[in-house]
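A.B. asks: mind folding the following:
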Amino acid sequence: MLKRLYPDLSAALGMALALSLPALAQTNQATPRTATVMGTVTDINHDVVPNATVVLKEVESNDPRTILTNENGMFEFDDLAPGIPYQLSISAKDYEGWISTPIILNPDQFKIVTGIQLRIPIYRITVDVHYDPVKVATEQFEAEEKQRVFGIIPNFYVSYENDPAPLTTGMKFKLALKVSTDPVTAAGVFVVASAKQAGNTPNYGQGWGAYGKRFGAVATDGFSDIMIGGAILPSLLHQDPRYFYQGTGTTGSRFRHAVLNTFVARGDNGKSQPNYSTLGGVLASSSLANLYYPRSNRGAGLVFGNFAIGIAERIGASLAQEFLLGKFTRRGGHMK
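C.D. replies: I've put the predicted structure just below:
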């Protein structure tokens, strides 16, 4: 009886073992050993950043997992496969993005990622500065039109700017006409004509008729000089007819600057060049005097005599501008 029982018992145990092995294998497969990654997102001031977007992806895969940090700035990814390189990328509004180095997990590892700090981006502000020489010249020109010695005598043909913009052709003609037609200029013509009447030069004789001729000659001399030397030639030759006040440096350097102004002009390109405009204007106005001066005053002597006087007047005017008139010229509505 016992002999028959042992074989039956062995067979039952074998069958039970055979049936349990697949079930055990299924149980092991259903509970794989996974890992977890978590962390806290902060800024550089160590304040937590809620609602930051956290993306976890396998380095060699395009199947990311995305979550948002909670109100404490925390995030957590569960059920991660060990042995695979992962990478975290975090972004939030008003912050620069943050990317981790590759993370490789071990089975059952609970990985806390540290050092997650989002920085405020550095904004680069680009200012496009466009230099408009005509606009700058217009502003400077409008200021020069108001310059007067003691607030009365025109002093338009001098620039006190450190970096003057070149005048346009229209500005050169407008400036010449403004000086020529200014009431103070007319008063000056009256004074000069009176002095020439007293000196009986040119040889028009005396009386109101002679005075009228002298007045007309003085006005024509001045007008032709200003228009030719201050507008026509400067426009054709691209030269600036103004005097550029130096105001600083030694007395000798300022003296040289004033004297040379008659012979060296500033071109519209900003470079120095022979002052053909001033020299040509004085010579042209001296030559034109042959058309209306008395016959006894005409000829080469008149031309070169008036030319020498005109050049001397230019040098004297430049010296006065550099050392005297600048102190009494009203600029920007007040004396400097």
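
A.B. asks: how near is the one residue sitting closest to the centre of the chain to residue 138?
C.D. replies: Note on the chain: the residue nearest the mean C-alpha position is residue 129, at 3.4 Å, using C-alpha atoms, centre = their mean. Counting by C-beta to C-beta, to the nearest Å, the gap between residue 129 and residue 138 amounts to 18 Å. (Glycine included, C-beta is placed from N, CA and C.)

A.B. asks: so, low pLDDT: which residues of the protein?
C.D. replies: When the per-residue scores of the chain are filtered using pLDDT under 70, the ranges that remain are 1-31, 124-125, 127-128, 332-336.

A.B. asks: is the closest residue in space to residue 103 that isn't next to it in sequence in a bridge, and if so with what?
C.D. replies: For residue 103, the nearest residue in space outside its immediate sequence neighbours is residue 86; the separation is 4.7 Å by C-beta to C-beta, 6 or more residues apart in numbering. Partner residues in beta bridges with residue 86: residue 58, residue 103, with DSSP bridges as the criterion.

A.B. asks: how many residues are close by residue 86?
C.D. replies: For residue 86, the number of neighbouring residues by other C-beta atoms under 10 Å comes to 22.

A.B. asks: which residue ranges form the helices in the protein?
C.D. replies: Assignment of helices within the chain using DSSP state H yields the ranges 2-30, 133-144, 169-180, 183-199, 208-227, 233-237, 251-260, 276-288, 300-320, 326-328.

A.B. asks: what sits against the residue nearest to residue 103?
C.D. replies: In this structure, residue 86 makes contact with 37, 56-59, 80, 102-105, judged by C-beta atoms under 8 Å, 6 or more residues apart in numbering.

A.B. asks: same check on residue 133?
C.D. replies: For residue 133, counting by C-beta under 8 Å, 6+ apart, the contacting residues are 165-166.

A.B. asks: any idea how far it is from residue 142?
C.D. replies: Applying C-beta to C-beta to residue 133 and residue 142 gives a distance of 15 Å.

A.B. asks: do the same with residue 265
C.D. replies: Residue 265 sits 23 Å away from residue 142, going by C-beta to C-beta.

A.B. asks: so what's the residue count around residue 98?
C.D. replies: 19.

A.B. asks: give me the beta-bridge partners of the closest residue to it other than its chain neighbours?
C.D. replies: Among residues not flanking residue 98 along the chain, residue 90 sits closest, at 4.5 Å (C-beta to C-beta, 6+ apart). Judged by DSSP bridges, the bridge partners of residue 90 are residue 54, residue 98.

A.B. asks: now do residue 90 against residue 42, distance only.
C.D. replies: In this structure, residue 90 and residue 42 are separated by 11 Å, where distance is defined by C-beta to C-beta.

A.B. asks: so which of the two has more stuff around it?
C.D. replies: In this comparison of residue 90 against residue 42, neighbours counted by other C-beta under 10 Å, the higher total goes to residue 90 at 24 against 17.

A.B. asks: does that one really touch residue 97, like I thought?
C.D. replies: Yes: because the distance of 6.8 Å satisfies C-beta atoms under 8 Å, residue 90 is recorded as touching residue 97.
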